[in-house]
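Participant: take a look and give me a structure for this.
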Amino acid sequence: MKDYLKNTSYTSFKRYCKVLNLYDNKDLIEKYKEVHKPGRVWPEITRGIREVGILDMEIYIHGNQAFMIMDTLPDFDHDTTMKELASKPRQQEWEEYVSQFQQAGEKSATPEKWEIVERIFELGKI
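Facilitator: Numbers count the residues shown, from 1 in each chain. Alright, predicted model coming up:
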């Protein structure tokens, strides 16, 4: 079991959890993990992510499914902002590059590929 310790500097935020299926191919999954290692994601991509109000983003892998946790500014409008992100420098090129790993069918842009997960339990609300 892996433990993850996280410190954040923000006190108010929105959180989105998303899923995306990857091709069920061990070699492709390993390459997908490789391109997401620190220093491997193109700087224009991480800069664009921050510019649109995404405070933090984590991606986890389970089998051939990627799971993303995305923390944003409190006034973040998901659909509008994801369209803005898609127009940032090199974003389309990055999407085309990582699509070789992603089983997304006709969905080619980030707003379509990553599906938002419904929260059904929150300990703090009980």
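
Participant: low-confidence stretches in this protein?
Facilitator: Low-confidence segments of the chain (pLDDT under 70): 1, 107-111.

Participant: now do the strands in it.
Facilitator: 14-21, 54-62, 65-72, 115-116 (DSSP state E).

Participant: any buried residues in stretch 42-50, and which?
Facilitator: Within stretch 42-50, the residues that count as buried by 16 or more other C-beta atoms under 10 Å are 45, 48-49. In short, each C-beta sits where N, CA and C put it, glycine included.

Participant: before we move on, back to that, point out the most buried one among the strands of the chain.
Facilitator: Of all the strands of the chain, strand 65-72 has the most neighbours on average by mean count of other C-beta atoms under 10 Å, namely a mean of 18.

Participant: for it, name the packing helices and strands.
Facilitator: strand 14-21, strand 54-62 (3 or more C-beta pairs under 8 Å, 6 or more residues apart in numbering; DSSP states H and E).

Participant: so that strand versus strand 14-21, what angle?
Facilitator: 160 degrees (axes from the mean of the first three to the mean of the last three C-alpha atoms, to 10 degrees).

Participant: now the angle from strand 65-72 to strand 54-62?
Facilitator: Using the same axes, to 10 degrees, the inter-axis angle of strand 65-72 relative to strand 54-62 is 170 degrees.

Participant: who's in contact with strand 65-72?
Facilitator: Contacts with strand 65-72, where a contact means C-beta atoms under 8 Å, 6 or more residues apart in numbering, come from 8, 10, 13-22, 32, 53-61, 78, 81, 102, 114, 117.
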